[in-house]
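Peer 1: Coordinates only, no sequence provided:
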C-alpha cells in the first residue's frame with residue numbers, strides 16, 4: 001500500500017464503508033470493480049503513489065468488497081445502493097469540484113453520478129460497463145468466487161492479457177479477501193442466477209448519458225474478453241465530452257496493465 005494513504009471509515013445506511021485517503025491537491029474519488037477479491041488496493045496498487053503526488057486521493061471500497069462491510073440481507077448486488085454510497089463519499093469529501101475514477105461496474109456508478117451531481121468536475125473510466133453486452137464464459141468466470149489459489153489465478157488470467165505480470169504480490173493482495181470466512185457464499189449470492197440481469201441493472205439510460213456535461217476519458221483494453229471494449233464505444237458516442245482510448249496489449253485491468261497510460265490520461269483530465 002502507498003505509505004501516503006491512511007485507512008478510514010464512515011457509516012453508511014448502517015454499514016461500515018472503508019476508504020484510503022492521502023496525498024495533496026485537487027480531490028479524486030476512486031472506485032474499484034466487482035471481480036472476486038476486488039478492492040481499492042487490488043485495483044489501483046500500481047497508480048496510487050503516482051496519483052497521490054498530485055491529488056488528494058479518496059479510494060473507496062464498495063459495500064461487500066475490501067475493507068467495507070457486507071450488506072446484511074440480499075440482494076447483495078445493489079447498483080442503486082452503490083450509487084448512494086458513492087454520493088455519500090462525495091458528501092464526506094465536501095469540495096466544490098471533485099474528479100472521479102471508476103473501473104468496470106464503478107464506471108457506470110461514476111457516470112450515473114456525473115449526470116446529476118455538478119460537483120463532479122471530470123470522470124475517468126477503465127473497462128467500463130454501463131451499456132448492453134453479451135455475457136461470455138469469461139464474464140461468468142469473473143462473477144464466481146474462486147475456491148482455491150489455482151482458480152484465483154485462472155480468474156486473474158481472464159482479466160490480464162500478459163499473464164506473466166501476475167506475480168505473488170498481485171495474488172497475495174486478493175487472497176485475504178477471496179478466502180475470508182463467508183466471502184465465497186456472499187460473493188456467489190451477489191451474482192447468483194442469470195448474469196444478464198446484472199448487465200441490465202447497470203445499463204445507463206440515454207437520458208442519463210446525455211445529461212453528463214463534464215469531460216470524460218474512457219480507457220478500455222482491446223483484449224478485454226469478459227467486458228468487451230464495444231461497451232465503452234457505445235457509451236462514448238452518447239456522452240457529449242467523451243474521449244475514448246482503446247489500449248492494445250491490455251485486457252480488463254487497465255490501471256495494472258497500462259499504468260503509465262492510465263496516469264497520463266488522469267493528469268490530462270484532472271490537472
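Peer 2: Yep, that arrived. The shown structure was predicted, so the numbers you read here are calculated from the model rather than taken from an experiment.
Peer 1: residue ranges for the helices of this structure, please.
Peer 2: 40-44, 48-52, 79-93, 105-114, 137-142, 149-159, 168-178, 183-190, 196-202, 206-210, 230-238, 254-257, 259-270 (DSSP state H).
Peer 1: Looks like residue 56 contacts residue 29 (just checking).
Peer 2: No. Using CB atoms under 8 Å, residue 56 is not in contact with residue 29; the gap is 9.9 Å. C-betas here are computed from N, CA, C, even on glycine.
Peer 1: which one of these two has more residues nearby?
Peer 2: In this view residue 56 and residue 29 are compared by other CB atoms under 10 Å, and residue 29 has more residues nearby, 25 against 19.
Peer 1: Let me know whether that one touches residue 90 as I believe.
Peer 2: Yes. Residue 29 is within contact range of residue 90, at 6.5 Å (criterion: CB under 8 Å).
Peer 1: Now the common contact residues for the two.
Peer 2: residue 98 (CB atoms under 8 Å, 6 or more residues apart in numbering).
Peer 1: where does the stretch 151-271 of the chain dip in pLDDT?
Peer 2: Applying pLDDT under 70 to the stretch 151-271 of the chain flags no residue at all.
Peer 1: how does it look with 80?
Peer 2: 173 (pLDDT under 80).
Peer 1: Once you drop chain neighbours, what's closest to residue 39?
Peer 2: Sequence neighbours aside, residue 66 is the residue nearest to residue 39 in space, at 3.1 Å (criterion: CB to CB, 6 or more residues apart in numbering).
Peer 1: tally of neighbours for residue 217?
Peer 2: Quick note: residue 217 (other CB under 10 Å) scores 23 neighbours.
Peer 1: residues contacting it?
Peer 2: For residue 217, counting by CB under 8 Å, 6+ apart, the contacting residues are 122-125, 242-243, 245, 265, 268-269.
Peer 1: got it, and residue 257?
Peer 2: 160-162, 165, 221, 247, 249-251.
Peer 1: Out of those, which comes closest to residue 187?
Peer 2: Using CB to CB, residue 160 is the member of the contacts of residue 257 that lies nearest residue 187, at 19.6 Å.
Peer 1: Wait, that closest one touches residue 166, no?
Peer 2: Yes. If you go by CB under 8 Å, residue 160 and residue 166 touch, sitting 5.9 Å apart.
Peer 1: Please list all residues in contact with residue 170.
Peer 2: 42, 45, 156, 256.
Peer 1: Give me the pLDDT for residue 84.
Peer 2: Looking at residue 84, its pLDDT is 98.
Peer 1: Verify the stated contact: it with residue 62.
Peer 2: No. The criterion here is CB under 8 Å, and residue 84 misses it with residue 62 at 11.3 Å.
Peer 1: Among these two, which residue is more densely surrounded?
Peer 2: residue 62 (24 against 15).
Peer 1: Spit out the contact partners of the more buried one.
Peer 2: Contacts of residue 62 by CB under 8 Å, 6+ apart are 31-32, 34, 68, 82, 85, 106.
Peer 1: Quick one, which of the contacts of residue 217 are buried?
Peer 2: 122-125, 242, 245, 265, 269 (16 or more other CB atoms under 10 Å).
Peer 1: Keep only those of those that are in strands.
Peer 2: 122-125, 242, 245 (DSSP state E).
Peer 1: What subset of the contacts of residue 257 is buried?
Peer 2: Buried among the contacts of residue 257 (16+ other CB under 10 Å): 160-161, 221, 247, 250-251.
Peer 1: Take the residues you listed and write them to TSV, including distance to residue 78.
Peer 2: Formatted as TSV, the buried ones among the contacts of residue 257 follow (distance: CB to CB, whole Å):
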residue	distance to residue 78
160	28
161	31
221	27
247	31
250	30
251	27
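Peer 1: What is the most widely separated pair among the residues you listed?
Peer 2: For these, and using CB to CB, no pair is farther apart than 160 and 247, which are 12.7 Å apart.
Peer 1: Tell me, how many residues neighbour the residue nearest to residue 32 when sequence neighbours are not counted?
Peer 2: Once flanking residues are discounted, residue 32 sits nearest to residue 43: 3.7 Å by CB to CB, 6+ apart. Residue neighbour count, defined by other CB under 10 Å, stands at 30 for residue 43.
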